[in-house]
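here is a sequence together with a model predicted from it:
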Amino acid sequence: WDIPFAVQRSIGLAGGPPARPIGCVPVPRLATCEVGNGAPRALEKCYELHRYHPFRLPSAVCRLPSAVCRLISEPRAWSAIGAVVAASSATAQVAQKWSHRLSNAGPDTVAETVRDPGNPPAEPAGVWVTGSLSTGTGTSVFATAKIDETGAVLVGPLLYGFGSEPGLAPGLHAATAIAIDGARNIYVTGQSPGNGTGLDYATISYTPTGLLRWSSAARYNNPLRNADDVPVDIAVHPFAPGIPASVLAVTGKSKGYGSADIPDTKFDYLTIKYDESGIQQWTHRYNHSSNNDDIPVGLGLSQFSSEGGFNVLVAGTSFDNGTYNDIAIVGIDESGASMLWSPRRWDNPGVAGNDLDTASALHVACVGFGKCGYVAYVTGYTKRPESGLGAAMAAPEPNTDYVTLAVTDGGDYLWPGQYRLYNGPSNGPDYARAMHLTLGGNEFLVWVTGEVRAGTYNDIGTVLYHALDGTLLGADNRDRAGRHDVGRSVTGI
């Protein structure tokens, strides 16, 4: 297929690719392949998905439905993807290495983790964990700690909540997201009750050894409402060894306006940019014209200049009076003053009156060979159009599919047909919960995991797409007999 010009421009091919770019060789339309797991299946046929494009697929898919293969008929053969999700794969043998429990007086939660490469030997590598620790009935504090590869706590727990600084109220102080910069500074954001202001954004930064970098938390309360403002994600840039963050952005849901002369907008996307010292630079509020709930799930940064200029991409679920819940992707310019393009709202075209288009996760990455382009990948779930997909299960909950989208920072859909659906083995309710991108070398892969109905119970269902055109490369279900299983996170090692 031919790539639209706008997409070429977004991913660094302004002017369109020439007939045959320098350094690219044609891929035989029927090339000799071997299965990626080493099985002796010579003479299987691969098909070509991209001709003469410098970001063409690094692997081709065999006509076997669950195998990933590599070309072996070219002098410079591509590498096999390696261990991939496949319906016929054997159950992986995973042994628990360690566990660590950080607990207090009541329910304690983990929100997110991030890897710290460390600075050995003085500062070992490890994992930072953030969440909340209960301090009593209806009260909790942020809790952040670094744990090494043996399960030992290296730093913390670092606590933040009522009494940590003036102006805080007792209640549920709970961290929701964490990020690390190139200098290994840590950034934590979460909800924090203020005196008379409801829940507010609170963002804290620590050094690699757990010292506070700012004199107080960076807090936000909508001054026109004094209602709940709850952050959901944080992003920093750059991530280059030894370089601290120069761009810090937080997004979440914020109660909009509401008075005698201003309509109540319910929850809006509320995105904030801070400088490296935690000083607020701007805020941007997205409220769809329906004045109903707009709730983000994540954000990412897209670089547009070599001088370090960055735009912000935010995705979530947004209600429309006509189409009900839609997946909405918003691009915000570096100044925070305007949007890059009209919000990209996705409503399942196969289901009239669909109220279940819901975003679960966002991942923004620079994708492509040579000069890459920034792309926002969003996954979630949508109500299934039953016609042509089998009879609906008799169940109190509607049947749903995973849905995954890719939108460039120019506002164009990257994949042909815009989106990809995945229907699990029992044609029942399937919910995508998390995603991960494998980028680098010749691999451009999107992993999506969640829960799929398999008979009576749910299984962990993981699917693999190619990042550049959305080709489905494999799918796998993992089941613990007699139990509901849910995939909540996926990552690479």
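Looks like it arrived, so ask away.

surely residue 367 and residue 439 touch.
Yes - using C-beta atoms under 8 Å, residue 367 is in contact with residue 439, at 6.4 Å. For glycine as for every other residue, the C-beta is placed from the backbone atoms N, C-alpha and C.

so between these two, which is more surrounded?
More neighbours surround residue 367 than the other of residue 367 and residue 439, with 22 against 17 (other C-beta atoms under 10 Å).

rewinding a little: shared neighbours of residue 367 and residue 439, anything?
Listed as contacting both residue 367 and residue 439 by C-beta atoms under 8 Å, 6 or more residues apart in numbering are residue 467.

how far does stretch 183-198 sit from its chain's centre?
21 Å (C-alpha atoms, centre = their mean, to the nearest Å).

any buried residues in that stretch, and which?
Within stretch 183-198, the residues that qualify as buried are 184-194, 197-198, counting by 16 or more other C-beta atoms under 10 Å.

okay, how far is it across that stretch, tip to tip?
Its first and final residues considered, stretch 183-198 spans 34 Å by C-alpha to C-alpha, to the nearest Å.

residue 431: how many residues sit nearby?
That count, for residue 431 with other C-beta under 10 Å as the rule, works out to 22.

give me the pLDDT for it.
On the pLDDT scale, residue 431 is placed at 92.

where's it relative to residue 109, distance?
Here residue 431 is placed at a distance of 20 Å from residue 109 (C-beta to C-beta, to the nearest Å).

swap in residue 303?
Here the criterion is C-beta to C-beta. By it, residue 303 lies 33 Å from residue 109.

residue 182 against residue 242, yeah?
Yes - here residue 182 reaches residue 242: they are 6.0 Å apart, a contact under C-beta under 8 Å.

more crowded one of the two?
residue 182 (17 against 9).

pretty sure the more buried one sits in a strand.
No - counting by DSSP: H, G, I helix; E, B strand; the rest coil, residue 182 is not part of a strand but coil.

and it, what's its pLDDT?
According to the prediction, residue 182 has pLDDT 88.

over to residue 42?
Looking at residue 42, its pLDDT is 32.

quick one, strands of the stretch 201-350 of the chain?
Here the stretch 201-350 of the chain has its strands, by DSSP state E, counting those that start in this stretch, at 218-220, 229-237, 247-255, 267-274, 280-286, 294-303, 310-320, 324-332, 344-346.

list the contacts for residue 255?
198, 222, 225, 227-229, 266-268.

return the member of those residues nearest to residue 178.
Nearest to residue 178 out of these is residue 229 (C-beta to C-beta; 18.6 Å).

one step back: any chance of the strands of the stretch 201-350 of the chain in a markdown table, with distance to residue 475 and mean pLDDT too?
What follows is the strands of the stretch 201-350 of the chain, written out as a markdown table (distance: least, C-beta to C-beta, whole Å; pLDDT from 0 to 100):
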| stretch | distance to residue 475 | mean pLDDT |
| --- | --- | --- |
| strand 218-220 | 41 | 96 |
| strand 229-237 | 27 | 94 |
| strand 247-255 | 31 | 93 |
| strand 267-274 | 32 | 95 |
| strand 280-286 | 34 | 95 |
| strand 294-303 | 23 | 93 |
| strand 310-320 | 23 | 94 |
| strand 324-332 | 21 | 94 |
| strand 344-346 | 22 | 95 |
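
between these, which gets nearest to residue 176?
Nearest of the strands of the stretch 201-350 of the chain to residue 176, taken as C-beta to C-beta: strand 229-237 at 5.7 Å.

output the contacting helices and strands for the closest one.
Where contact means 3 or more C-beta pairs under 8 Å, 6 or more residues apart in numbering; DSSP states H and E, strand 229-237 is packed against strand 174-180, strand 186-194, strand 198-206, strand 247-255, strand 294-303.

Provide the strand pairings for the fourth one, with the direction of each partner.
Taking DSSP bridges as the criterion, strand 247-255 forms sheet pairs with strand 229-237 (antiparallel), strand 267-274 (antiparallel).

tabulate those strands (a markdown table), appending distance to residue 296.
Below are those laid out as a markdown table (distance: least, C-beta to C-beta, whole Å):
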| stretch | distance to residue 296 |
| --- | --- |
| strand 229-237 | 6 |
| strand 267-274 | 5 |
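
can you redo those as TSV with distance to residue 289 and mean neighbour count?
Formatted as TSV, the strands paired with strand 247-255 follow (distance: least, C-beta to C-beta, whole Å; neighbours: other C-beta atoms under 10 Å):
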stretch	distance to residue 289	mean neighbour count
strand 229-237	22	24
strand 267-274	12	24
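
to residue 449, which of those strands lies closest?
strand 229-237 (18.1 Å).

run the angle between the closest one and strand 310-320 for me.
With axes from the mean of the first three to the mean of the last three C-alpha atoms, to 10 degrees defining the directions, strand 229-237 sits at 150 degrees from strand 310-320.

Three-state assignment for residue 398, please.
Applying three-state DSSP: residue 398 is coil.

helices of the stretch 51-200 of the chain, residue ranges please.
Remark: no helices are assigned in the stretch 51-200 of the chain by DSSP state H, counting those that start in this stretch.

let me have the helices and strands packed on strand 229-237 in a markdown table, adding distance to residue 154 as columns.
Formatted as a markdown table, those follow (distance: least, C-beta to C-beta, whole Å):
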| stretch | distance to residue 154 |
| --- | --- |
| strand 174-180 | 14 |
| strand 186-194 | 12 |
| strand 198-206 | 13 |
| strand 247-255 | 24 |
| strand 294-303 | 28 |
